[in-house]
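Enquirer: Mind folding the following:
(one chain, ligands or ions: 1)
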Amino acid sequence: MNTRTVDVIVIGAGAAGMMCGAVAGATGQKVLIVDHARAVGEKIRISGGGRCNFTNLYCGPENFISGNPHFCKSALAGYSPQDFIGLVDAHGIAWHEKKLGQLFCDGRSTQIVKMLSEACEQAGNDILLDTEIKRVQKDGEWFSIQTSKGDFSAKSLVVACGGPSIPKMGASGYGYQLAEQFGLKIITPQAALVPLTFNGEIKESMRELAGVALPVRVKAGSITFNEDMLFTHRGLSGPAILQISSYLMPGQSITINLAPTKDLPTLLQSGRNQKPKLSPAGLLASILPQRLAQQIAKESSFIRLADMGDAAMQILAKRVHNWEVLPAGSEGFRTAEVTRGGVDTGALSSKSMAVKKVPDLYFIGEVVDVTGHLGGHNFQWAWASGVAAGRVIARR
Ligand SMILES: Cc1cc2nc3c(=O)[nH]c(=O)nc-3n(C[C@H](O)[C@H](O)[C@H](O)COP(=O)(O)OP(=O)(O)OC[C@H]3O[C@@H](n4cnc5c(N)ncnc54)[C@H](O)[C@@H]3O)c2cc1C
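Expert: Model (predicted):
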């Protein structure tokens, strides 16, 4: 079979891969993007509930988890949320800020997919879909790849395969396999931004509350998030829980403040003085969703606030403001929005994403050990790391 030669092969037609291809190809580099999926940008399509939370106005290095917290700084500084907003505006895509700097399309996330596809097309990229990669190797200065649709060789290879979260979307750990093939270290991948699961009695009590949502403050070790939480049939979800899940170690418990803006001890004491016949459930229902208030009140046998002593009030206040629960685990890669861990940044240049010891090999996007908080940060990392590599390749 003939081998086709291009300047750059990008493995993965996702957020980072398409961004990189569009930038690298803009100066005339011939770019081939190869993907085993049937469509480009599948995770973009399903992101943000179908509206793609494409960036965050306040995105900064503090929004990322990595073995080296400084690694993401250079790429993020080189391509900012404002840069991506400029691209979105230039394509006439309407957007809005939902909350906390999170920017979403007014319409569908497919607008972002279309924008990136058009940028790749304008840059002259070829995109080969539904293509299995059988083998990748480096022969001298050239990378050669064997695929189900023919053999290709290129001067540069960009690995933009993402992480293994949501395998049914085409996600795989192939990027890690390639990294190991070239002698790079992998920081153990873990499901992140993922709902937490529980066992036994606590699971049953959470199941009874499935569908109840409320603003909470959740804490694990020294990490805290103030966001909404949702009870599910399997445990806990919602933004606060997804955020903390990225930091959680196996066997580590979380502490949840179910009413972070309220002062329950004071409310209980003044309630006992002013409305002694009020039930604890009645008082709790003034600061918590009704079903949750009733469940918590049922845990004690008091009928009226007047019957509660200070010790009982302290126990109740602790239950609301300092509820400590031990997750059994998480829903895993099946539903995780991202993967924590990945290619060790120690092997990469933070300016270009190039592998220091293997010339012309790059790793970008989620495959790298850089994991964003919920809220548009993961896409900003995909765009920024893709641009960082793309610019260096474009100058070749
Ligand atoms: C349900 C969901 C919602 C999300 N919502 C948001 C959001 O609103 N905002 C946000 O910032 N982030 C969001 N994310 C995270 C975001 O989608 C990812 O961080 C981002 O897509 C990573 O970009 P990437 O290019 O590195 O990887 P991907 O976008 O995953 O692209 C990787 C590509 O590589 C291809 N590939 C994988 N293995 C192979 C192989 N063996 N051979 C060939 N090709 C391969 C895949 O098919 C895919 O096209 C969401 C994720 C999920 C799952």
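Enquirer: Only C-alpha atoms from now on, for both contacts and neighbour counts.
Expert: Fine.
Enquirer: Mind checking which residue lies nearest the centre of this structure?
Expert: Val338 (4.2 Å; CA atoms, centre = their mean).
Enquirer: Angles on the backbone of it, please.
Expert: Phi and psi for Val338, reported as degrees, to the nearest 10, are phi -150, psi 180.
Enquirer: List the contacts of it.
Expert: Residues counted as contacts of Val338 (CA atoms under 8 Å, 6 or more residues apart in numbering) are 163, 165, 191-194, 366, 371.
Enquirer: mind redoing it with 10 Å?
Expert: 162-166, 189-194, 246, 366-367, 371-374, 378 (CA atoms under 10 Å, 6 or more residues apart in numbering).
Enquirer: Which strand residues bridge it?
Expert: Assessed by DSSP bridges, Val338 has beta-bridge partners Ala192.
Enquirer: quick one: it and the ligand, what's the gap?
Expert: 5 Å (CA to the nearest ligand atom, to the nearest Å).
Enquirer: What of Gln274?
Expert: Distance from Gln274 to the ligand, by CA to the nearest ligand atom: 47 Å.
Enquirer: What about the closest residue to Ser148 other than its chain neighbours, how many residues nearby?
Expert: On the basis of CA to CA, 6 or more residues apart in numbering, the spatially nearest residue to Ser148 that is not a chain neighbour turns out to be Glu132, at 5.2 Å. By other CA atoms under 10 Å, the residues close to Glu132 number 16.
Enquirer: What of Arg340?
Expert: By other CA under 10 Å, neighbour count at Arg340 equals 27.
Enquirer: what does the one 10 residues further on give?
Expert: Under the neighbour criterion other CA under 10 Å, Ser350 is assigned a count of 21.
Enquirer: And Gly92, by the same measure?
Expert: Around Gly92 there are 11 residues (other CA under 10 Å).
Enquirer: residues contacting the residue nearest to Met229 when sequence neighbours are not counted?
Expert: Leaving aside its chain neighbours, Met229 sits nearest to Gly238 (4.4 Å; criterion: CA to CA, 6+ apart). For Gly238, the contacting residues are 193-196, 213-215, 227-232, by CA under 10 Å, 6+ apart.
Enquirer: The stretch 251-396 of the chain: helices as residue ranges?
Expert: Secondary structure of the stretch 251-396 of the chain (DSSP state H, counting those that start in this stretch): helices at 264-274, 280-284, 290-298, 310-321, 377-394.
Enquirer: can you narrow the contacts of Val338 to ones near the ligand?
Expert: 162, 166, 366-367, 378 (CA under 6 Å from any ligand atom).
Enquirer: of those, buried ones?
Expert: Buried members of the ones next to the ligand among the contacts of Val338, counted by 16 or more other CA atoms under 10 Å: 162, 166, 366-367, 378.
Enquirer: With respect to pLDDT, which of the residues you listed ranks lowest?
Expert: Taken together, these show their lowest pLDDT at Ile166, with 92.
Enquirer: Quick check: Thr110 touching Ile46?
Expert: Yes: the criterion here is CA atoms under 10 Å, and Thr110 meets it with Ile46 at 8.6 Å.
Enquirer: between those two, what contacts are shared?
Expert: Cys52.
Enquirer: who has more neighbours, the two?
Expert: Thr110 (19 against 15).
Enquirer: Can you name the two of the buried ones among the ones next to the ligand among the contacts of Val338 that sit furthest apart?
Expert: Ile166 and Asn378 (15.1 Å; CA to CA).
Enquirer: Contacts only, for the residue nearest to Ser148.
Expert: 34-37, 146-150.
Enquirer: Buried ones from those, can you make that a PyMOL selection?
Expert: In PyMOL, a selection of the buried entries from the contacts of Glu132 looks like this (16+ other CA under 10 Å):
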select buried, resi 34+35+36+37+146+147
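Enquirer: check contacts around the closest residue to Leu242 other than its chain neighbours.
Expert: Leaving out its chain neighbours, the residue that sits closest to Leu242 by CA to CA, 6+ apart is Leu193, at 4.1 Å. When contacts are counted by CA under 10 Å, 6+ apart, Leu193 touches 165, 237-247, 330, 332-333, 335-340, 371-374.
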